[in-house]
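Q: Need the 3D shape of this:
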Amino acid sequence: MDYTTRSCREFVTVLASSEPAPGGGGASALVAALGTALGNMVGSLTVGKKKYADVEEEILALKAKCDQLQNELLDQVPADAEGFIPLSKAYGIPKDDPSRPEIMEKATITACQVPMHIMELCCESLECIATFAAKGSRLAVSDAGCGATIVKAALQAASLNVFINTKTLQNRAVAEEMNAKCLGMLDKYGKLKAIRADVMKQLEEVRIAGRIGSSLQAEIEIKASGEKYRLLKSLDDDLKFLMITSRADVIEVSDPASETITVKPSQYQKCERCWHYRSDVGADPKHPLICARCAANLFGNGEKREFV
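A: You can find the predicted model right below:
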């Protein structure tokens, strides 16, 4: 039965019951769909606004992608239940049946497929929400943050449905391959979340001291080592959008003991369009109140964005 067509109360009631489905996978998918919808709402509140006319085409494309992601995530609720059926039947096979190990192995691998796909969809959703937060209506940026937090929770929850099954697989090569894929997705977004939390703490201290107003008035320098440095460096110029600051530099250091986060107020003028404080505000004499990036987006070929 597809419980996504029933009321929220009915879904919660059956989820709390002794029924084998829906379970953790289906609940994760539903939660991820809700988080994606929150990000999509930011897009809806952006489209049609004169202030964001230059990004409307991109926002509309993102909204279309999120519409698809929402539907696909909802489809995973019944799909997860169906994927669990072979495993639930396999548990009923007598332990002395010689065919049981092979049937259990295949059914366990099948049960992992939907939760892994839910994780992949969550990662796609998080990329979309990051763009909504960076380019969408400033009035709804907190909704984008809520959506991202919810989707990250769904990402973690779905992973548990994979790990509980891979530990019972006899084929350890297959198990480790699936574990590595899940850990890769968790590691990327988990580490970025932790780093951003550290940055937000430093920003708040500087704000309380009266040196900045909003985070966009700040520039940050992150000294990082090893994998953390490579992760942050891979975001390139898009790191500042993730941190919601006007500038974000990453410097490699030799060890974790040398890692620091430095926040300072920007010395530059605020762009009246994107609100970033940049050295190139007024670089185009025809548009003295906006930065070169916004001028390019509005009147030129536009910027190239790799991640957010």
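Q: Nearest residue to the middle of this protein?
A: Among the residues of the chain, the one closest to the centroid is Leu126, at 2.3 Å (Cα atoms, centre = their mean).
Q: mind listing what that residue touches?
A: Leu126 makes contacts with 148, 151-152, 155, 189, as judged by Cβ atoms under 8 Å, 6 or more residues apart in numbering. Backbone N, C-alpha and C define where each C-beta goes, glycine included.
Q: 6 Å instead?
A: Val151 (Cβ atoms under 6 Å, 6 or more residues apart in numbering).
Q: C-terminal to the strand or helix carrying it, what's the next element?
A: Taking DSSP states H and E as the definition, Leu126 sits inside helix 100-135. Remark: after helix 100-135, the chain's next helix or strand is helix 141-166, criterion DSSP H and E.
Q: and that next one, what does it pack onto?
A: In terms of contacts (3 or more Cβ pairs under 6 Å, 6 or more residues apart in numbering; DSSP states H and E), helix 141-166 is packed against helix 24-46, helix 100-135, helix 172-208.
Q: Now do the buried residues in the shortest one.
A: Neighbour-count burial for helix 24-46, counted by 16 or more other Cβ atoms under 10 Å, picks out 25-46.
Q: Likewise for the longest one?
A: Neighbour-count burial for helix 172-208, with 16+ other Cβ under 10 Å as criterion, is recorded at 175, 178-179, 182, 185-186, 189, 192, 195, 199, 202-203, 206-207.
Q: Please save the CA atoms from stretch 67-82 in PDB.
A: The C-alpha trace of stretch 67-82 is given here as PDB (Å, rounded to 0.1, in the frame of the first residue of the first chain):
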ATOM      1  CA  ASP A  67       9.600  18.800  -8.200                       C
ATOM      2  CA  GLN A  68      11.100  15.700  -9.700                       C
ATOM      3  CA  LEU A  69      13.100  14.900  -6.600                       C
ATOM      4  CA  GLN A  70      10.100  15.300  -4.300                       C
ATOM      5  CA  ASN A  71       8.100  12.900  -6.400                       C
ATOM      6  CA  GLU A  72      10.900  10.400  -6.700                       C
ATOM      7  CA  LEU A  73      11.500  10.500  -2.900                       C
ATOM      8  CA  LEU A  74       7.800   9.900  -2.300                       C
ATOM      9  CA  ASP A  75       8.000   7.000  -4.700                       C
ATOM     10  CA  GLN A  76      10.700   5.400  -2.500                       C
ATOM     11  CA  VAL A  77       8.200   5.000   0.400                       C
ATOM     12  CA  PRO A  78       6.300   2.200  -1.200                       C
ATOM     13  CA  ALA A  79       9.500   1.000  -3.000                       C
ATOM     14  CA  ASP A  80      11.200   0.500   0.300                       C
ATOM     15  CA  ALA A  81       8.300  -1.600   1.600                       C
ATOM     16  CA  GLU A  82       8.400  -3.700  -1.600                       C
END
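Q: Now do that stretch: everything it contacts.
A: Contact with stretch 67-82 is made by 2, 4, 21-22, 25-26, 29-30, 32-33, 36-37, 114, 118, 121, 124-125, as judged by Cβ under 6 Å, 6+ apart.
Q: what helix or strand does Thr262 sit in?
A: Counting by DSSP H and E, Thr262 is part of strand 260-265.
Q: Glu219 too?
A: Assigned by DSSP H and E, Glu219 falls in strand 218-224.
Q: Run me through the strand neighbours of that strand, direction for each.
A: Strand 218-224 has the following strand partners under DSSP bridges: strand 247-252 (parallel), strand 260-265 (antiparallel).
Q: Return the most buried member of those.
A: Neighbour counts (mean count of other Cβ atoms under 10 Å) averaged over each of the strands paired with strand 218-224 peak at strand 247-252, with a mean of 17.
Q: Look up how far Ala154 lies from the closest residue to Leu160 other than its chain neighbours.
A: Leaving aside its sequence neighbours, Leu160 sits nearest to Gly24 (Cβ to Cβ, 6 or more residues apart in numbering; 6.4 Å). Computed as Cβ to Cβ, to the nearest Å, the Gly24 to Ala154 distance reads 10 Å.
Q: and what of Ala292?
A: 38 Å.
Q: Comparing the two, which shows the higher neighbour count?
A: Counted by other Cβ atoms under 10 Å, Ala292 and Ala154 do not tie: Ala154 has more neighbours, with 27 against 18.
Q: Skip the chain neighbours and tell me the closest residue to the more buried one.
A: Nearest one to Ala154, counting by Cβ to Cβ, 6+ apart, is Ala32 at 3.7 Å.
Q: List the residues that contact that neighbour.
A: Applying Cβ under 6 Å, 6+ apart to Ala32 gives the contacts 73, 122, 151, 154.
Q: and with 7 Å instead?
A: Taking Cβ atoms under 7 Å, 6 or more residues apart in numbering as the contact definition, Ala32 lies against 73, 118, 121-122, 125, 151, 154.
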